[in-house]
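>>> Give me the fold of what follows.
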Amino acid sequence: MDDINSAMESVKIGLSLLGDSIGLIKKTKELLPEGDEKEAIEASLIQADKAAKLAESQIAQALGYKLCQCTFPPQIMLSQGYKQLKHHNEEEFVCQKCRKSSIAPPAPPINFG
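Numbers count the residues shown, from 1 in each chain. Model (predicted):
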């Protein structure tokens, strides 16, 4: 499992660097004069950013990470440890963006009358 975590961390760092590069290009683009060329660069940057985020989520899923569907591309859910449930322990995963948990909240009691 340590090898997988190490590989995922390396991939995450690589994708983060790609994102940083895209950010620098965006700043550089702001220095360009208005026109068709600037619009084309902006459209390419948006697509590159989406592709990098999608690649990160696909790699995470391939490595067994849970994904939250609060956005597209999906957000990677990270472990928050184990929770004691009624009859067993269950590992909880939480989305860093929307804070949704992989453990469903308990169902409310049914009132029959």
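>>> bridging residues for the residue nearest the centre of the chain?
Centroid-nearest residue in the chain, with C-alpha atoms, centre = their mean: Q75, separated by 2.8 Å. For Q75, the beta-bridge partners are C68 (DSSP bridges).
>>> check contacts around it.
Residues in contact with Q75, defined by C-beta atoms under 8 Å, 6 or more residues apart in numbering, are S57, L67, C68, C95, Q96, K97, C98. For glycine as for every other residue, the C-beta is placed from the backbone atoms N, C-alpha and C.
>>> What are the contacting residues of the helix or strand encompassing E92?
According to DSSP states H and E, E92 maps onto strand 89-95. By C-beta under 8 Å, 6+ apart, the surrounding residues in contact with strand 89-95 are 66, 68, 70, 75, 77-83, 100-103.
>>> now swap in stretch 63-73 and tell me
Counting by C-beta under 8 Å, 6+ apart, 4, 7-8, 50, 53-54, 56-57, 60-61, 74-77, 93, 95, 97-98, 100, 102 sit against stretch 63-73.
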